[in-house]
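Engineer: Attaching a predicted model along with its sequence, questions to come.
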Amino acid sequence: MKIEEITNTTLDETDGAGDATEETVCARSVKKAKVKKIIIVVVSLLLVFQTVYEIASFIPGFEKKYFIKNFSDHRELMEKWVDKMIEVFDSEKETHVDLEFISLIPRLPSYNNGVFKLNCYLSDGASYNIEISATDDDYDALMDVQRDIPNPHGFFDDENSGGLAIFVTDKQVSFFKNRYAVVYSRSGWKPGYIRPTDRFEAYRVTRISFHWYHIVGFDSKWLFFVA
């Protein structure tokens, strides 16, 4: 009788421990399921937000109001300046290995007596100037590009807005104005900045065609996803 009682007690204790173990495993499974569900919900919300933003970017009056008008009309001229600026940069790079970028501001007084004055910037912060030949037609055509980059009212206003500037590096050529640039990527890969000295935390990159992109800069990386 005593043996049976001892045996029964041992079995009962063992069964209790098994139940506790099963409860622990079950609790962990429930917790994992909840965490997984939360992750799925968060990811789903992010995807929904991204989708809404992608759709909104094609709505007239949203971001596209900031893009250059009639890019196709300017493309031939811009490709001409891409070739010219890359040629100048690569040539200067041969004698200045620490050259970071060259800028051209194609408006008066940079254009004078048939030449554009370009600013060349080195990695140590030093700079020097060079000149390239130009014509009144070159000047007028680049001013047309400048006029076709709008200055929209509202969110994209920039109190420091200015005119067109062209920046060339070993990676890209940017036709920059305010927070926006039409960018030619030398490799074809998505460009990573509007201009070499920009301070924007986030960018909205939209592909136009092979090598060509629209980029809009934002002050906060939390405002929008970067495509």
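Structural biologist: Arrived safely.

Engineer: What is the neighbour count of Lys171?
Structural biologist: By the criterion of other Cβ atoms under 10 Å, Lys171 has 16 neighbours. C-beta here means a position set from N, CA and C on the backbone, and glycine is covered the same way.

Engineer: Repeat that for the one 10 residues further on.
Structural biologist: Counted with other Cβ under 10 Å, the burial measure for Ala181 works out to 29 neighbours.

Engineer: Please report how far it lies from Ile215.
Structural biologist: Distance of Ala181 to Ile215, computed by Cβ to Cβ, to the nearest Å: 5 Å.

Engineer: what touches both of the two?
Structural biologist: Jointly contacting Ala181 and Ile215 under the rule Cβ atoms under 8 Å, 6 or more residues apart in numbering are 174, 194.

Engineer: So what are the sheet partners of the helix or strand where Tyr128 lies and their directions?
Structural biologist: According to DSSP states H and E, Tyr128 maps onto strand 127-133. Strand pairing for strand 127-133, using DSSP bridges, gives strand 115-122 (antiparallel).

Engineer: next one: the strand it pairs with to chain centre, how far?
Structural biologist: The chain centroid and the centroid of strand 115-122 are separated by 26 Å under Cα atoms, centre = their mean, to the nearest Å.

Engineer: ok, now stretch 34-49?
Structural biologist: Chain-centre distance of stretch 34-49: 25 Å, with Cα atoms, centre = their mean.
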